[in-house]
Every structure is written in C-alpha cells, then in structure tokens.
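Chemist: Predicted model follows, preceded by the sequence.
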2 protein chains.
Amino acid sequence: MIKKKTTIKDIANVLNISPAAVSKALHNDSRISEKTKKAVRQVAKNLNYQPNHLASALRSGKSNLVGVIVPRTNSNFFSSVIQNIEEVLNKEGYNIIITQSNESYKKECDSIDTLLYTQVDGIIASMANETVDLSHYEKVKAKGIPLILFDRGENDLNVDYIGIDDYNSSHIIVEHLVSQGCKRIAHIGGYKHTRIYNNRIRGYIDALKKYNLPLDDELLLEGNLTIKDGKAKMLQLLNLKNRPDAVYVAGDYAALGALRVLKEKNIKIPQEIALVGFSNEPFTSMVTPTISSIEQHSEEIGKQAAYVFLEHAKKDTVSQTLSKRILDVELIVRDSSDRNKK
Amino acid sequence: MIKKKTTIKDIANVLNISPAAVSKALHNDSRISEKTKKAVRQVAKNLNYQPNHLASALRSGKSNLVGVIVPRTNSNFFSSVIQNIEEVLNKEGYNIIITQSNESYKKECDSIDTLLYTQVDGIIASMANETVDLSHYEKVKAKGIPLILFDRGENDLNVDYIGIDDYNSSHIIVEHLVSQGCKRIAHIGGYKHTRIYNNRIRGYIDALKKYNLPLDDELLLEGNLTIKDGKAKMLQLLNLKNRPDAVYVAGDYAALGALRVLKEKNIKIPQEIALVGFSNEPFTSMVTPTISSIEQHSEEIGKQAAYVFLEHAKKDTVSQTLSKRILDVELIVRDSSDRNKK
C-alpha cells in the first residue's frame, strides 16, 4: 500500500483556510497571526507533514548539493578526488552527487543538465576525452553557478581550475629516462585537444630537445589511453624498424596494456625497453615488474577543488577572481624503468 | 556578470497578462486561446525562457532520474554494476546520479535524503558495512518509490533484490580447496549482520561439515574486509598453534592483504597455504601469484537491477510482486590455490 503524502492543501482543509495562508504560516510570514501559525504547525505535526525540500530549494535557491562529474568512477585517481571533495564538503553541510560521462561528450552534456535540474549549488568536473565544444559549461557559467574544473579541464573558459603541472611532469620523466641511459624515447599520449595531454606532449617534445634526443614523428602517438589502446600502440612501436628503448605513457591503464605486450613478446623490461606510466594507480605497484609512475596528489586536488567551491559559496556569488592552482608532481621510480637495481 | 533567468513573470509582463495565464499557456491548457498560446511561445522564445525542470518534476512527479547508492565507487564490482545500470537506463531515457556511503550508516541515510530531495523515480542500492537499522529504506518504500537492492541488500524489507548465491559460493570454494588436498580451511569473512556475509559464513560451515573437516572457532574470523583487515586477520591465523593450510577470504581486497603477509613471511602459496578471494577484482589476475576468486557477474547484476526498475516504472506504481533474482557464480582458479600447476 502506498501512503499518500500530506500536502499543504490537506492542512488548509482541516483548518478551513487557504493553502497560500498555510504556506505563509509555515514560512513564518508576518502577515499571518501567531494564533494561525500555531494551529498550522500543530496540524502539520498531526498529519506528519514533510516540507518538500525541492520546493524549498526552488524558493531559496540553495540545495546544499554539489555535483561532481568524472569521466569514469573506476579509476583510483577519480575516486580518490571524489572522496576528498566529499570529506571537505560533508563537514560544511554539503552532500555531493556524482555523475559519470563515460568519456562521452553527449553524456557529459546530459550530466550538466541533470545537475542543473537538481539545483546543485556548484559543479566540480573533469572532462570526457571526447569533449571539444564547451558550450554546456558556458551554460553553467551563465546561470551563475560556481564551476570548478580539475585535471582534464584546463581551458579558455575562464573558470576555476585545479590541476598538476603536466608540462613539467614530462620533463621529470624524460630526465629520469635519460639518467637510465635511454636514448630513443617514445610517447604514447592522450588526445592533443585535451589540454593536459597537449601539455604532456609539449613537455615531452621540449625535454627531448633539451637533451638533444631524436624527435621522430613515429615515436609520438595519440590515443584514448585505455588498456587496449596501450597494447595497440606498443605493438605499433615494436613494429618500427628503429625501436625505442623507452616508452613514456600518459596514463597507467595504457601503460599496463603496453607492459602486457612487452611481456608477451619476452622483451626485457627495463633493459631493452624502459616504461613509465602516469597517475600512480594502485595496480602499478602490484604488477610484475612494478610500473614507474607520476603521483598526481589526487587527495590534494580533491580538497583544493572543494575549498574553491566553498569560497564561492561563502560569498554567495561567483567571484570575479578565479583560482588556478597547479600542484607539483612526484615521479615514483619502480622496476619498469630502474636499470640500476640489482 | 550573472545573467538573470527569464521567468514566467517576465513573459507575463511583456504580454500584459497574468503569470498564471502564461503558465497555463505553456502547459497547453485548454482554457487559454490558441492566439494567446502562440504569443506566449513566441515571447518565451525571444526571451530565451527555459522551463524549470525541477518545478515540472514537482508537478508531474517524474524526474527521469534514478539514484544509485554504493558503499564506494573505487571497487571494480560496484563501478561495473553502475556502468551496466547506466547503459540499460540511458537507453530508456533515464539518467542516473550516484552517491556513495563510504561504508557509513549515517552517510547512507544522507544519500537517501539527497536522492529523495532530487525527486528520483527510483533507487538502486547496496548497503554500507555499518548498516543494521533499515528505517531509511522503509521511508523510501513508504513514499512509493521503487527500491531495488543488490549484493549487500538481502534482507527482510520485502523489496526487490538482485544478488548471487553466496551460500553456494562457499560450497564451490571449499570443494575446490578439498580437491587441492587442503584439510584445514580458515575463513576471513565479513560482518555476520550483513546478509551476504552471513550466507557465505553459513555456506563455509556447512561445506566443512559435508567434507568432515574440522570447524575451529579460531579459523573463522569476521571483519570489514579492507586490505588492512586482511593483513591483520592473516597474521592472526599465522600465529595459531595449528595453522590452516587454506584461507578463503570473503573479499578480494582483504585477500590481497593476506597475500602480502604470506609473501612477507615467505610462506609458499599455494603449497603451504592456499588462498581464495571473492569478487574477481581485476588486480587478482595482475598480482604474483594471481589470486583465485569468485566471479559475481557484476554486469548481469547491474542489468537485472535496471530491468526490475523499468518494470516498476512502466506500471507507474510499485508492484506487489517482488523480484528476487539470485545469479549463479563461477570460481576462477588461479595460481594462489592451484597446487597441480607445473
């Protein structure tokens, strides 16, 4: 049996007053007498009336909800960012709702619509691989809702951004590989239209120049960085006449795919080919050989994103001063690129 | 600069009619003339009026949103279930929003409130480890909103449930370990108050009886099944005077913790101690040795949960006939328990 919810109308009927008067009484409107207010409250209690919070959000414009959009939840990086956003915001009385784009532009647009529909007080997002057009984010800005982008989100939108120094990450990786004696370094990168991958590619190219290493077009590949993509790109590199002696992969899942191909082909890691991944997913320390990777400080990214939102929320308006916070990274050297290990 | 949103009042002002008339016109009310409707639509278009979907959900009682609550998103099992729920529901015009309880009862209650607040058309949930009291789920039922529980959700609530045969899973595991020559089998289980873990424990006990194996209290441990918990419980088992020769762990993360302890202590796996985990997380096939585990068919659980929701949604009422779907499992035998491998 489905119980029918008590409405303002039910209370009005009992007291023989108008629903508008009940609503005013419940909102402590000065136009309603104290006597009526008391009666309304008593009937509301008796009938187990529950105010509709959604209607209340429509009135007050505040839902205490923050929406988080990630490309996918099954990545340690993204779930760790979510975790840390949540910890900071929960303490301040906000709950978060999560949507995932599954790397699809259309789903990212749907996510924005869903979150706007639920009247979130702010949106914290990282973009899908497919996303090039940014008009759905313009829509959020136009509505005056704080929008904070992280990781895959650096852009020309003029909104807050929290990320890492991707350009410099590539320098750190190339420098490490050079120190291991590598002379022909390939890069399995993400799509250039995504700013973070573009920055990693630029960093890779500039670092090769710095160390006077050859920059061959055939050594620089772009893809979606899945395990499958990593396998395909590694096979492509192995089929080159002049193979690389090191591969820097812009994502750990693709690095795992590359590792599997190297093992299948019985190529010695790191002696024949050294391998470095990106984002320090937990599995990088579980596989054999363990994979060197860049620690992106997901905890800090999540916390900073939440802090930036809270700053906006406190001001009750979207600040004109935008935050762009770029965090330092750290290379975790493991067996896949450590040629000096006994 | 923040653009002000066009409201029904703005349209009313332009046309010099009442806001109520504009609202009626926009909802194609027969009391409004076609001429007025046309004028209202034209002005709405000119002013870039966007109907408030939330207000519209309040009226129609349909949001086309389904809420999904999981204990955590950083588990392959849960993110795969989410993925499959989403695929099925997206095709039918529903979007999903995700909240995580982080294994906390309080956060699970907050998640329910948040989802009810956003006027979801249904809730698909798996419970936190902490959850014992179920009154927050009673609240969902009382509101007549379809509630489908999966995995950690079998209970006496009388709502739909999709899960696997946990009791029989234990039989399959014990049978396998017996076939490997194991004679003293320990179980690192979840908390007994959670039905699925209770079923695994009961299955373990009954399977030991079936094979006339010793059932020592010291071999049966309960915990929260984190990596840390798995380590602690494995150490506890190693400190026994009479050590087990096999350990069946009710979760892969705890199995990973147990594996690490066994490797640190240089115990031969599976010769000295054989190890089996539960839920076939991807890392079980990445670590050395690879970990045997139970495949729970997360894809199928997600799809079935979505189908059950759609059945309710089509009937536009919560059906009295509840679905309880129990799926078969499969044991994936890997190096950690395969004593016959050369």
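Modeler: On my side now, so go ahead.

Chemist: Is the closest residue to A:Gly251 other than its chain neighbours inside a helix or a strand, and which specific one?
Modeler: Leaving out its chain neighbours, the residue that sits closest to A:Gly251 by Cβ to Cβ, 6 or more residues apart in numbering or on different chains is A:Leu225, at 3.7 Å. From N, CA and C alone the C-beta is placed, and that goes for glycine too. Secondary structure assignment for A:Leu225, by DSSP states H and E: no helix or strand.

Chemist: what do you get for A:Ile173?
Modeler: Using DSSP H and E, A:Ile173 maps to helix A:166-179.

Chemist: What are the contacting residues of that helix?
Modeler: Residues outside helix A:166-179 that contact it (Cβ atoms under 8 Å, 6 or more residues apart in numbering or on different chains): A:185, A:187, A:196-197, A:199-204, A:206-208, A:210-211, A:213, A:246, A:248, A:274, A:276, A:278, A:292, A:294, A:329, A:331, A:333, A:337.

Chemist: Can I get stretch A:96-110 as CSV, trimmed to CA atoms?
Modeler: Extracted in CSV, the C-alpha atoms of stretch A:96-110 (Å, rounded to 0.1, in the frame of the first residue of the first chain):
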residue,chain,number,x,y,z
ILE,A,96,27.6,15.5,-3.3
ILE,A,97,26.0,13.7,-6.1
ILE,A,98,28.2,12.0,-8.8
THR,A,99,27.6,11.5,-12.5
GLN,A,100,30.0,9.9,-15.0
SER,A,101,30.4,10.8,-18.6
ASN,A,102,32.0,7.5,-19.6
GLU,A,103,34.3,9.7,-21.8
SER,A,104,31.3,10.7,-23.9
TYR,A,105,30.6,14.3,-24.8
LYS,A,106,26.8,13.7,-25.0
LYS,A,107,26.8,12.1,-21.6
GLU,A,108,28.7,15.0,-20.2
CYS,A,109,26.1,17.4,-21.5
ASP,A,110,23.4,15.1,-20.0
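
Chemist: And it, what's buried?
Modeler: A:96-105, A:107-110 (16 or more other Cβ atoms under 10 Å in any protein chain shown).

Chemist: Quick check: the two most widely separated of these?
Modeler: Maximum pairwise distance among those (Cβ to Cβ): 22.8 Å, between A:Ile96 and A:Tyr105.

Chemist: which stretches of the stretch 51-200 of chain A aren't confidently modelled?
Modeler: Across the stretch 51-200 of chain A, the ranges flagged by pLDDT under 70 are A:51-61, A:155.

Chemist: where along it do the strands fall?
Modeler: A:65-70, A:95-100, A:122-125, A:147-150, A:160-164, A:185-189 (DSSP state E, counting those that start in this stretch).

Chemist: tally of neighbours for A:Asp29?
Modeler: Neighbours of A:Asp29 under the rule other Cβ atoms under 10 Å in any protein chain shown: 12.

Chemist: Which helix or which strand is home to it?
Modeler: Using DSSP H and E, no helix or strand contains A:Asp29.

Chemist: neighbouring contacts of the longest helix belonging to chain A?
Modeler: Scanning chain A for the longest helix, with DSSP state H as the assignment, gives helix A:298-315. Residues outside helix A:298-315 that contact it (Cβ under 8 Å, 6+ apart) are A:66, A:76-78, A:80-89, A:92, A:94, A:121-122, A:124, A:146, A:148, A:150-151, A:160, A:162-164, A:318-319, A:323, A:325, A:327.

Chemist: can you pull the buried residues of whichever helix or strand comes after that helix?
Modeler: Counting by DSSP H and E, the element after helix A:298-315 in chain order, helix or strand, is strand A:324-327. Residues of strand A:324-327 classed as buried: A:Arg325 (neighbour count, 16+ other Cβ under 10 Å).

Chemist: if we can go back for a sec, shouldn't the residue nearest to A:Gly251 be in contact with A:Tyr253?
Modeler: Yes: with contact defined as Cβ atoms under 8 Å, A:Leu225 reaches A:Tyr253; the gap is 6.2 Å.

Chemist: that older thread, just want the angle from the helix holding A:Ile173 to strand A:185-189.
Modeler: 150 degrees (axes from the mean of the first three to the mean of the last three Cα atoms, to 10 degrees).

Chemist: Sort out which residues of helix A:166-179 are buried, please.
Modeler: Judged by neighbour count using 16+ other Cβ under 10 Å, the buried positions of helix A:166-179 are A:Asp166, A:Tyr167, A:Asn168, A:Ser169, A:Ser170, A:His171, A:Ile172, A:Ile173, A:Val174, A:His176, A:Leu177, A:Val178.

Chemist: Out of those, flag the one nearest to B:Ala12.
Modeler: Using Cβ to Cβ, the buried residues of helix A:166-179 come closest to B:Ala12 at A:Asp166, 51.1 Å.

Chemist: residues contacting the residue nearest the centre of chain A?
Modeler: With distances taken as Cα atoms, centre = their mean, the residue of chain A nearest its centroid is A:Ser126 (3.6 Å). A:Ser126 makes contact with A:Ile69, A:Val70, A:Pro71, A:Phe78, A:Val81, A:Leu149, A:Phe150, A:Asp151, A:Arg152, A:Gly153, according to Cβ under 8 Å, 6+ apart.

Chemist: between those, which is nearest B:Ala21?
Modeler: A:Ile69 (38.2 Å).

Chemist: how far away is the nearest residue to that closest one once chain neighbours are set aside from chain B?
Modeler: Nearest non-adjacent residue to A:Ile69, counting by Cβ to Cβ, 6+ apart: A:Ala125, 3.9 Å away. Computed as Cβ to the nearest Cβ, to the nearest Å, the A:Ala125 to chain B distance reads 14 Å.

Chemist: distance of A:Ala125 from B:Asn95?
Modeler: Using Cβ to Cβ, to the nearest Å, we find A:Ala125 at a distance of 15 Å from B:Asn95.

Chemist: same thing with A:Glu272?
Modeler: From A:Glu272 to B:Asn95 the distance is 48 Å (Cβ to Cβ).

Chemist: Pick out whichever of those two has more residues nearby.
Modeler: B:Asn95 (20 against 14).

Chemist: Kindly format the C-alpha coordinates of stretch A:214-230 as CSV.
Modeler: C-alpha atoms of stretch A:214-230 as CSV (Å, rounded to 0.1, in the frame of the first residue of the first chain):
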residue,chain,number,x,y,z
PRO,A,214,65.8,12.5,-31.7
LEU,A,215,62.2,13.5,-32.1
ASP,A,216,60.7,11.2,-34.7
ASP,A,217,57.1,11.5,-35.6
GLU,A,218,56.8,7.7,-35.5
LEU,A,219,57.7,7.8,-31.7
LEU,A,220,54.8,10.2,-30.8
LEU,A,221,51.4,8.5,-30.7
GLU,A,222,47.9,9.8,-29.6
GLY,A,223,45.0,7.7,-28.3
ASN,A,224,42.4,7.2,-25.7
LEU,A,225,44.8,5.6,-23.2
THR,A,226,42.7,2.5,-22.4
ILE,A,227,44.5,-0.8,-21.8
LYS,A,228,43.5,-1.8,-25.3
ASP,A,229,44.9,1.4,-26.7
GLY,A,230,48.2,0.9,-24.8
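
Chemist: Appreciated, that's everything.
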